[in-house]
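Colleague: What shape does this take:
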Amino acid sequence: MSEYEHTCMIRGDGGRTLRSILDRIANKWTLLTVATLDQGTLRFTDLHQQIPGISQRMLTLTLRNLERDGLVTRTVFAEVPPRVEYALTAVGRSLLAPALTLARWAIEHVPQIEASRAGHHPDPPQTR
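Modeller: The predicted structure is shown next:
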């Protein structure tokens, strides 16, 4: 059994738990949201303005998922209008180092990936 297979089978659930966690944290909006919150506690509007291309709905869903998974805290202040702030938890902060490592890898390999993409010819459409 490979190290990968062993790691995926640790919980005895066929890797479902690991896959669901990786699906969540590998999402581009999750990584951008976590990276943005690295600067400190932010309100929803500030987060939305600092994450290019994310819709309000997608940011809401991303924040709900991150809160449910324990990566982000949501604090509601009893004011009029209500003020809501988001911050990384210790678990959320622990994601920053591996995410930066992955980002550095991507940046380092951009030329090779772009060259490969440019030279790739999609398969012709299937004929019947």
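Colleague: Please identify the buried residues of the helix or strand harbouring residue 118?
Modeller: If you go by DSSP states H and E, residue 118 is part of helix 96-119. By 16 or more other CB atoms under 10 Å, the buried positions in helix 96-119 come out as residue 99. Glycine gets a C-beta too; all of them are placed from N, C-alpha and C.
Colleague: just checking, what packs against that helix?
Modeller: helix 28-37 (3 or more CB pairs under 8 Å, 6 or more residues apart in numbering; DSSP states H and E).
Colleague: Who are the packing partners of the helix or strand just after the helix it packs on?
Modeller: Counting by DSSP H and E, the next helix or strand C-terminal to helix 28-37 is strand 42-43. The contact analysis (3+ CB pairs under 8 Å, 6+ apart) places strand 42-43 against strand 83-88.
Colleague: The strand it packs on pairs with which strands, and in what direction?
Modeller: strand 42-43 (antiparallel), strand 72-77 (antiparallel) (DSSP bridges).
Colleague: quick one, the helix holding residue 118 and strand 83-88 angle?
Modeller: Per axes from the mean of the first three to the mean of the last three CA atoms, to 10 degrees, the angle that helix 96-119 makes with strand 83-88 is 80 degrees.
Colleague: export helix 96-119 as PDB, just CAs?
Modeller: These are the backbone C-alpha positions of helix 96-119, laid out as PDB (Å, rounded to 0.1, in the frame of the first residue of the first chain):
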ATOM      1  CA  LEU A  96      -1.600  29.600   5.500                       C
ATOM      2  CA  ALA A  97       1.900  28.000   5.400                       C
ATOM      3  CA  PRO A  98       0.800  25.000   3.200                       C
ATOM      4  CA  ALA A  99      -1.300  27.300   1.000                       C
ATOM      5  CA  LEU A 100       1.700  29.600   0.500                       C
ATOM      6  CA  THR A 101       3.900  26.600  -0.300                       C
ATOM      7  CA  LEU A 102       1.400  25.500  -2.900                       C
ATOM      8  CA  ALA A 103       1.200  29.100  -4.300                       C
ATOM      9  CA  ARG A 104       5.000  29.300  -4.600                       C
ATOM     10  CA  TRP A 105       5.000  25.900  -6.400                       C
ATOM     11  CA  ALA A 106       2.400  27.300  -8.900                       C
ATOM     12  CA  ILE A 107       4.400  30.500  -9.500                       C
ATOM     13  CA  GLU A 108       7.600  28.600  -9.900                       C
ATOM     14  CA  HIS A 109       6.000  26.300 -12.500                       C
ATOM     15  CA  VAL A 110       3.900  28.800 -14.500                       C
ATOM     16  CA  PRO A 111       6.300  28.800 -17.500                       C
ATOM     17  CA  GLN A 112       6.300  25.000 -17.800                       C
ATOM     18  CA  ILE A 113       2.500  24.800 -17.300                       C
ATOM     19  CA  GLU A 114       1.800  27.600 -19.800                       C
ATOM     20  CA  ALA A 115       4.100  26.000 -22.400                       C
ATOM     21  CA  SER A 116       2.400  22.600 -21.900                       C
ATOM     22  CA  ARG A 117      -1.000  24.200 -22.300                       C
ATOM     23  CA  ALA A 118       0.100  26.000 -25.500                       C
ATOM     24  CA  GLY A 119       1.300  22.800 -27.000                       C
END
